[in-house]
Every structure is written in structure tokens, then in C-alpha cells.
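> My questions are about this predicted structure, shown below with the sequence.
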Amino acid sequence: MSETVTPLRGRGRDTRRARAREAAAKYPYIRRKLKPVELLSTEAVEIIEANAETILEEVGIEFRRDPESLRLWKEAGAEVKGERVHIPRGMARRLLASAPEEFELFARNPARNVRFGGDATVFSPVGGPPFVTDLEGGRRYGTLEDLHNFIKLAHMAPAIHFSGGCMCEPMEIPPNKRHLDIQYAFFRYSDQGCEATPETAGHAADAVAMGQTLFGAQYLETHPVMLGNINSNSPLVFDGRMLGALRQFASHNQGTIVVPAVLAGAMGPVTPAGCLAEILAETLAGMALTQLVRPGAPVILGSFVGAISMRTGAPTFGTPEATQMIFATAQLARRLKVPCRSGGSLCASKTADAQAAYESAHTLLPTLLAGVNLVTHAAGWLEGGLVAGYEKFVMDIDQLAMMQMLAQGMDLSARGQALDAIREVGPGSHFLGCAHTIANFETAFYQSNIADYSSYEQWSLEGKLTAEQRAHRVWKKMLAEYEDPGIDPAQDEAMLDFIARRKAVLTDSIDDE
């Protein structure tokens, strides 16, 4: 009997889960119906803002190896001493007033356009790890095939709205040519929006050129089609390579995310308030520079918050202090009237275990409740960002879909109030077979494709699989079911031709732009 019943039950669950995923996929990105949680008082936020202005004016920010940025600041009225720029109190904030409070990023598929700012929340996956891991292959260097796999998984995941940055580095390709293959993969294997590779001005220029090949040069001047993630070298330094990339993106009206990577105790003070003042100073300086390059260029205030273990020096995530900084970052961005990027599913765990789950949950839920607009590293992050995990990716996208449902708020329509069901059932009966339940049971609750809710006996009969083992099966199945979104052959040929011409003139040296 069990040999007959088990597959039927499995197929029934698969059908319900598939229908639930189809319903979720109708939402291109989240429009939150939950009010953001304001963790800090107005007085507390004003203290942090005042301290950031003091840092800009008294301590200054170094803009290293980029004479053009120094020239722009000097002409704007800042005090430039060598490579250090002292920005008068209020100047960066005034410059930033020209940046859009919200902006749309345009994808190959218009149905997958996303919006940054306001009540929008956009989930994107892990970016940047040199390593990948899965239950079969273990921990290893990432390859171009792995990158293609993660792009395809993100393309299919209902609650991944934006492909984000490089989900794993294809380590077999020379670093100075790698960005071309990465950008092509994003444009070719998904019709979602994406980030570009911004390590140098040359890399950024190549990304813009590929975007122009795909969308048209004039289109890019009025339509952002990519974001460039610009990191400061905390504390209080911007490097010439990142600055060159920032200027490339801003000058072509493409979005930039200015992101200090501040781990408290290492690149920032050991206190959240001190870190926040530093983060705000660095983001104000970087975002204001985009407006000096091109007033009105879209820009996002970013933060990457965590701490280091005072015993080992290793990064830690999901701590109460990091949670405070996520909430505060979103508040600071709203006061500046710019979109915010923060949070994710961050953890220090080496595998998709309980530590990974706890730390990721303590990062992801506050990120949603804080009202963050762009949630990077939302799926697949392991080992402090060194590793992209296949099973972790699938477990995370399951949680992201739950967050999508939570963000919709409570249904208070006639269906949600369910008075007809209560009248039908009355006292002392049950709701299992009433008309309201029959009409709504398939989509009444979020149906996880990872969690196991069966009895111990049923779980045993089905192999006693752990969540990680079930996730392994899911990502394998997803890749097997991936459907190529297609691309215009002429556009594809033009991009491949551009890549071939660029690779012919680039050496394998990291300094060759």
C-alpha cells in the first residue's frame, strides 16, 4: 500500500507547490504593505548624521589615484589636500539632492523591470565568491559553468527579482578578461536585470558597451539597464579603480551602488553608532561624486554590515549589532531620499547547517522589516561570502518566497475575513470541508519545497532526507527544467563579436584595462 500511496502524495504536494510558485512568480518585485520599522529615534539619527558631517569636514575622505575626481571636488568648492578631500558640512547632502528618490531599472524582458526606492524591495542573489560548493562536488573554485548554473537558478526562482552581481567567479578565465564572459552570461541566460563588473574603469566601459550593443546607445542615456557596485576601501578611502568605474556608470546614466564594507572592529569602530557615522560619511561622499559627474544619475546608498570576532578576528554575521545597523541604514537612506541596499542571507557557516539558517534569518527578516530596497546576497551566501552554495541557494530562495508573502500584509478582503466560512461551519464543527477551504486551500498558505511536514514514518519511508539533501534534489531539478529565454541572434552575434575584439587586445594582466 505504501509503495502506491507515497508517489501519489508526492505528486499532490508537487502540484500544490508548483501552483503556489506560479502565483508568486506573478509579482516581479515586492511592493511592501508593511510600514518600515524605525529602530532609531529622530534624535539618534540626527546624532549620526552630524557625526558623519564632522568626519567629512574635519577628517576627510581620500580619493586615491584619480585626478579627475579630485578636480571635480575642487571645482565644487571642497578643500583638496593632496588626495584627501575635506567636504564642507552640508555640501554632499546638497549635491545629492539631484539624485532620483526612486528609479526603474530596465530588463531585457519588460515584465522583469524592477524599481528601487519607495515601498519596493528587490531580492538578488549572492555576488563575488571565488568558491562554490554542493553535496556532490564539495568546495571548489567556481567555473563559468557554475556561473551559468546560478544565473539559470536565479532566472527561475520566483522570489529572485534581479540577477545581481557575479554569483561566483569563473576562476579558469584570466581576471582581466573574465568580466566579458560574466557580463555576456547575465545578458544571455536570463532576461532579468543585472549588475555589471566594476573592478576598473575599463571593465565598466566594456559593460556599458555591451549594454549599448544589446539595448542601443541612446536607450542607455535615458534607461538604466545595469547597476555597478562601487566599494569604498573602509575606513574613509576610495580607490582609483573603483572611482573610474563609478564615473563610467554615472556618466552613462547607469545606476551605481556606493557600498562601504564595514566590519565593526576592523574597518570601523566596535560600536554600531560609530560604524554608522563612518558608513554615512563614505556613502555621502561617493554618492555626491556621482552627481558631480552627472546630476540626476541614479545612485543607491549601500551598506555591508557585520563584525569581527574579538577572539579570532573572523567575520561574524546575524548579530544584534549588525541588525541595528541594517535598520539604521534604511532610516538614513529614507532621510536622504535615495534608495537603500543592505542585508541579505548572510552567515559565517561553512555549510548549509543550523548556524547558516540562524544567521541568515537574523539578517534577512530585519532587512525586510527595515524597508531595504535592494537586498543583495539574498541567496547562496556561505563562509562570509567566500562560497556560493547550491543547496544554500535553494534553501534561501524558499525563505525569500516566504518574505514575499509576508511583505504583502494581511488579506482583509471578503475572502480574507472569511465570514462566509465561519457562518457555514458554525460552532463545534471544522473547516476542512467547507466551501471557503475548498476554494482556497491550494494557495491559502505558502508551500515550501524544502521543508518536510510529513510524519516520522513517512519521512523514514522517503529516505530520511535532511533539508540540505532535499535542496540538492531541488536545484538539480530546476536546472533540468530551465528554459532558455532566448535572444535576438543579431544582438547575440554583436555581443560575441565585441567580446572577441576586446579579448584580442587585452592581456592577462590585471592592470590592463
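Everything's here; your move.

> Below-threshold pLDDT in the chain: ranges please.
1-27, 509-513 (pLDDT under 70).

> Mind naming the longest strand for it?
strand 255-264 (DSSP state E).

> and the angle from the following helix or strand past it to strand 255-264?
Following strand 255-264 in sequence order, the next helix or strand is helix 272-293 (DSSP states H and E). Going by axes from the mean of the first three to the mean of the last three Cα atoms, to 10 degrees, helix 272-293 is angled at 160 degrees with respect to strand 255-264.

> Torsion angles phi and psi at residue 183?
phi -60, psi -40 (degrees, to the nearest 10).

> Residue 195 too?
The phi/psi pair for residue 195 (degrees, to the nearest 10) reads phi -90, psi 170.

> do you know how far it is from residue 380?
15 Å (Cβ to Cβ, to the nearest Å). Where C-beta positions appear, they are placed from N, C-alpha and C, glycine not excepted.

> Comparing these two, which residue is more hemmed in?
residue 380 (31 against 25; other Cβ atoms under 10 Å).

> I'd say that one and residue 393 touch.
Yes. Judged on Cβ atoms under 8 Å, residue 380 makes contact with residue 393 at a distance of 3.6 Å.

> Now do the shared contacts for these two.
Residues touching both residue 380 and residue 393 (Cβ atoms under 8 Å, 6 or more residues apart in numbering) are 125-126, 150.

> Helix, strand or coil: sort out residue 307 for me.
Here residue 307 is strand, with the state taken from DSSP: H, G, I helix; E, B strand; the rest coil.

> I'd like the distance between it and residue 230.
23 Å.

> And for residue 399?
28 Å.

> Between those two, tell me which one has more neighbours.
Between residue 399 and residue 230, counted using other Cβ under 10 Å, residue 230 has the larger neighbour count: 29 against 21.

> Touching, that one and residue 248? I think so.
No. Using Cβ under 8 Å, residue 230 is not in contact with residue 248; the gap is 10.3 Å.

> anything in contact with each of these two?
Joint contacts of residue 230 and residue 248 (Cβ under 8 Å, 6+ apart) are residue 198.

> Now do the contacts for the most centrally placed residue in the chain.
With distances taken as Cα atoms, centre = their mean, residue 376 lies nearest the centre of the chain, 1.6 Å away. Residues in contact with residue 376 (Cβ under 8 Å, 6+ apart) are 124, 127, 164-165, 229, 302, 341, 343-344.

> List the buried residues for whichever strand or helix holds residue 366?
Per DSSP H and E, residue 366 falls inside helix 354-370. Buried residues in helix 354-370, defined by neighbour count with 16 or more other Cβ atoms under 10 Å: 356-357, 359-360, 362-370.

> likewise stretch 103-110?
For stretch 103-110, by 16+ other Cβ under 10 Å, it's 103-108.

> Can you show me the CA trace of it as CSV?
Written as CSV, here are the backbone C-alpha positions of stretch 103-110 (Å, rounded to 0.1, in the frame of the first residue of the first chain):
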residue,chain,number,x,y,z
PHE,A,103,14.3,54.8,-10.3
GLU,A,104,13.4,51.9,-12.6
LEU,A,105,16.0,49.5,-14.0
PHE,A,106,15.0,48.1,-17.3
ALA,A,107,15.5,44.4,-18.1
ARG,A,108,15.5,42.5,-21.5
ASN,A,109,12.1,41.3,-20.5
PRO,A,110,10.0,44.4,-19.6
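
> For it, which outside residues touch it?
By Cβ under 8 Å, 6+ apart, the residues outside stretch 103-110 that reach it are 113-117, 162, 187, 191-193, 214-215, 223-227, 255, 298, 339, 485, 487.

> Against residue 36, how distant is residue 368?
For residue 368 relative to residue 36 (Cβ to Cβ), the value is 9 Å.

> What is the neighbour count of residue 233?
Look at residue 233: counted by other Cβ under 10 Å, it has 15 neighbours.

> For it, which residues are in contact?
Residue 233 touches 239, 242, counting by Cβ under 8 Å, 6+ apart.

> related to what we said a few turns ago, out of the contacts of stretch 103-110, which are inside strands?
Per DSSP E, those map to strands at 114-116, 226-227, 255.

> Out of those, the closest to residue 384 would be?
Nearest to residue 384, judged by Cβ to Cβ, of the ones in strands among the contacts of stretch 103-110 is residue 227 at 22.7 Å.

> So the closest one sits against residue 300, correct?
Yes. In this structure residue 227 lies within contact range of residue 300 using Cβ under 8 Å: 7.3 Å.

> Quickly list what's touching both of these two.
Taking Cβ under 8 Å, 6+ apart as the contact rule, residue 227 and residue 300 both touch 255-257.

> circling back to that earlier point, mind putting the buried residues of helix 354-370 in CSV, distance to residue 434 included?
Output for the buried residues of helix 354-370, formatted as CSV (distance: Cβ to Cβ, whole Å):
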residue, distance to residue 434
356, 40
357, 36
359, 42
360, 38
362, 39
363, 40
364, 35
365, 33
366, 38
367, 38
368, 33
369, 34
370, 39
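
> Go through those and say which is closest to residue 46.
When the buried residues of helix 354-370 are compared for distance to residue 46 (Cβ to Cβ), residue 370 wins out at 18.6 Å.
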